[in-house]
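Q: Structure of the sequence below:
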Amino acid sequence: DIVAIGADLISLSAHKLGGPPGIGALIIGGSVEIAPMIRGGGQERGRRAGSENLSGVAGFAAAADAARHRLADYERAQTLRDSLEAAVLATAPEAIVIGAATPRLPNTSAIALPGVSAETQVIALDLDGVMVSAGAACSSGKVGPSHVLQAMGAAPEIAGSTIRVSLGWSTTEAEIEHFLEAWTAMYRRVKPHAAAARAA
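A: A predicted model of the protein is given here:
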């Protein structure tokens, strides 16, 4: 319910639900007025001219329907995410789980390891066969601290040391264990350097 969460706008991407890339939805709450992106025809209530991506819309609808029937899988993903975060914090008490005390996606974790760049963590985990990101999926490949984390109030050194770990509806406990083994090995290798960086 858009009113209950106090949002003016909510954007949704189909590929986050297992649908096709390149299609999304915008939920507009209350009396919010938005200017058209592309002027011309009356498509999409005059907000964007051009032919609608009907096959994308159908794919999005199918993915949304399938996701509705997989709600238990997302609850399981949250349990796995929470266990992953607890294990990381038990290994590295100085690590920070971004947004831990706020409502957030059940399948996504942003973990900062102060003193160790996100890029270093991404490369180390990649070498162990674990794929993580140094920022939002839409910012992958860009160098520098996440502007989103900085907008949330994270200091540049925290934003620059944060990785994003995403779980899918099919993620297994064995995959979480593999991540934790790789993350712990990486942490033990970089811990002396991280301590020196924090002390500097």
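
Q: how about the CA coordinates for the helix-or-strand element of the chain with minimal mean pLDDT, as PDB?
A: Within the chain, no helix or strand scores below helix 147-151, which has a mean of 84 by mean pLDDT, DSSP states H and E. C-alpha atoms of helix 147-151 as PDB (Å, rounded to 0.1, in the frame of the first residue of the first chain):
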ATOM      1  CA  HIS A 147      26.300   7.800  -4.100                       C
ATOM      2  CA  VAL A 148      23.200   6.000  -2.800                       C
ATOM      3  CA  LEU A 149      25.000   5.000   0.500                       C
ATOM      4  CA  GLN A 150      26.400   8.500   0.800                       C
ATOM      5  CA  ALA A 151      22.900   9.900   0.400                       C
END
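
Q: Quick one: list the elements packing against it.
A: In terms of contacts (3 or more CB pairs under 8 Å, 6 or more residues apart in numbering; DSSP states H and E), helix 147-151 is packed against helix 156-159. Where you see a C-beta, it was placed from the backbone N, CA and C, and this is true even at glycine.

Q: Go ahead and confirm Ala95 touches Val88.
A: Yes: applying CB atoms under 8 Å, one finds Ala95 in contact with Val88, separated by 5.4 Å.

Q: Tell me which stretches of the protein form helices.
A: Counting by DSSP state H, one finds helices in the chain at the ranges 54-68, 71-91, 118-127, 147-151, 156-159, 173-199.

Q: Report the mean per-residue pLDDT for the third one.
A: Here helix 118-127 scores 96 as its mean pLDDT.

Q: List the buried residues in it.
A: Neighbour counts over helix 118-127 (16 or more other CB atoms under 10 Å) mark Ala118, Thr120, Gln121, Val122, Ala124, Leu125 as buried.

Q: Serialize those residues to a markdown table and add fields for distance to Glu177.
A: Output for the buried residues of helix 118-127, formatted as a markdown table (distance: CB to CB, whole Å):
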| residue | distance to Glu177 |
| --- | --- |
| Ala118 | 23 |
| Thr120 | 22 |
| Gln121 | 18 |
| Val122 | 20 |
| Ala124 | 17 |
| Leu125 | 14 |
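
Q: And Ala95 and Val88? Which one has more around it.
A: Val88 (22 against 19; other CB atoms under 10 Å).

Q: thought the more buried one was touching Trp183?
A: Yes: using CB under 8 Å, Val88 is in contact with Trp183, at 6.4 Å.

Q: need the contact list for Glu177.
A: With CB atoms under 8 Å, 6 or more residues apart in numbering as the criterion, no residue contacts Glu177.
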